[in-house]
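Peer 1: Fold the following and give me the result.
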Amino acid sequence: MGFPGTWMTESESMVYRVVPKCACSTIGQIMFYSDHGRFFDGDIHDSTAGLHKWAQDDSQGPIEANVLAHKSFSFTCVRNPYTRILSSFFDKICGIQRNGKRYRGKLVPMLIQKYGIEVGKPESGFEFDQIKSFRRFLLFARDTIRWHRPMDPDIHWSSMSGHVATFIANGGRYDQIIWTEKFNEGMQVVLDNIQTPCPVSLSDIPRFNESEGHGPKRAHPVEDYFDDLSMHLVYEIYKRDFALFKYDFENPANKMPTADIDLAEVHAKLSG
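Peer 2: Numbering: from 1, shown residues only. Sure thing, here's the model as predicted:
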C-alpha cells in the first residue's frame, strides 16, 4: 500500500503526511520554500516537481526508503473535528472549485435531490439556510463513512485518524503531530528539529488558504451549527479523532485542544 498522501522535501529534510482541511496548503508551501527559497506559483496541490509526493511515480521510491528507515523528521497536522467538517461543507459542497465547477461533478445535485441540501448560488451571494443544510450534509457524511453509501467517504470529511493511520500501519513513525489551532507553535518545533537548504521564518509566511473566497462565508458561530443530534452524529463519525488528538467534544465553541497529544498512544492505537 505504501505511503499515500505523503509529501517529502527533495532535500529529504522532512516528511509530512497530508490530512485534508488541516493547513495542508500552507505546510506544502513551507516545504517547497525551505528547499527552493520561493513559493510554488499556484496551489501546491497542483505541483508536479520540486516536492516529492507519493502520487508522483518517481517520488515513491525515495519516500518509501526514507520513511521505512525513519531518516527524516516526520509529522502531520490535525484540526478540531467540528471546524474541519464545517470547513469541508463550505469549501467542497457550497463552494465553486478552482476549475470553476462544483466539486465532483454530480455530487452536489445528488445531495440536493437525496438530502434536501441547499448550497446557494454565486449570483445571489450564496444565500441559503446554512444551519439546516449543514445538518443535512452531516447525515450524508455519516452515511458515507458508516455504510459507504450513497458513495465512499471523501478524503475531506473522512476521519483524520484514518489518514494518519496509513502512515503508521505501513511502517512510518511520527515525530510530531501539530494542531492547526496552534500552527506556528507546532510548525516551529518541526523547523527547530531539521536543517533546510533555505531558512524559514514562520512570521513571514502567508497563510495559503486555497479554498477561501470561492463560496459562502460562515454566517454563524461554530456552535450554532451543532444541536444535540448533530453533536451525536459528529461523535459517531469522529470519536477516535476527539480522543487521540485531544479535542473537546462537549463544547463545539471550544476549538482548542484540551491536553497534549500522546504520540505513543497514537502509534499504539493506529498501528493495526
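Peer 1: Show me what stretch 145-165 is in contact with.
Peer 2: Identification of contacts with stretch 145-165 by Cβ atoms under 8 Å, 6 or more residues apart in numbering yields 5, 17-22, 76, 78-79, 81, 84-85, 88, 91-92, 104, 107, 110, 114, 140-141, 143-144, 174, 177, 236-238, 240-241, 244-245, 266, 270-271. Using the backbone N, CA and C atoms, a C-beta is placed for each residue, glycine as well.
Peer 1: buried set for that stretch?
Peer 2: For stretch 145-165, a neighbour-count test (16 or more other Cβ atoms under 10 Å) marks 145, 153-161, 163-165 as buried.
Peer 1: Likewise for stretch 119-138?
Peer 2: Using 16+ other Cβ under 10 Å as the test for burial, stretch 119-138 gives 119, 120, 126, 128, 130, 133, 134, 135, 136, 137, 138.
Peer 1: For the stretch 151-272 of the chain, which segments count as strands?
Peer 2: Here the stretch 151-272 of the chain has its strands, by DSSP state E, counting those that start in this stretch, at 176-179.
Peer 1: Correction: the previous question concerned the stretch 1-150 of the chain.
Peer 2: 6-9, 14-17, 51-53, 73-78.
Peer 1: export those strands to TSV and tack on mean pLDDT and distance to residue 252?
Peer 2: Converted to TSV, those look like this (pLDDT from 0 to 100; distance: least, Cβ to Cβ, whole Å):
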stretch	mean pLDDT	distance to residue 252
strand 6-9	98	31
strand 14-17	98	26
strand 51-53	98	34
strand 73-78	98	17
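Peer 1: Am I right that residue 168 is in contact with residue 265?
Peer 2: No - in this structure residue 168 lies outside contact range of residue 265 using Cβ atoms under 8 Å: 11.7 Å.
Peer 1: And those two? Which one has more around it.
Peer 2: Just comparing residue 168 and residue 265: by other Cβ atoms under 10 Å the higher neighbour count belongs to residue 168, 18 against 12.
Peer 1: Run through the residues that contact that one.
Peer 2: Residues counted as contacts of residue 168 (Cβ under 8 Å, 6+ apart) are 174, 266, 267, 270, 271.
Peer 1: Kindly recompute the last result at 10 Å.
Peer 2: 17, 174, 266, 267, 268, 269, 270, 271, 272 (Cβ atoms under 10 Å, 6 or more residues apart in numbering).
Peer 1: cool, residue 171 as well?
Peer 2: Residue 171 sits next to 2, 3, 64, 67, 68, 69, 70, 271 when contact means Cβ under 10 Å, 6+ apart.
Peer 1: 8 Å - rerun?
Peer 2: Listed by Cβ under 8 Å, 6+ apart, the contact partners of residue 171 are 67, 68.
Peer 1: What subset of the contacts of stretch 145-165 is buried?
Peer 2: Buried members of the contacts of stretch 145-165, counted by 16+ other Cβ under 10 Å: 5, 17-22, 76, 78-79, 81, 84-85, 88, 91-92, 107, 140-141, 143-144, 174, 177, 237-238, 240-241, 244-245, 266, 270.
Peer 1: Appreciated, that's everything.
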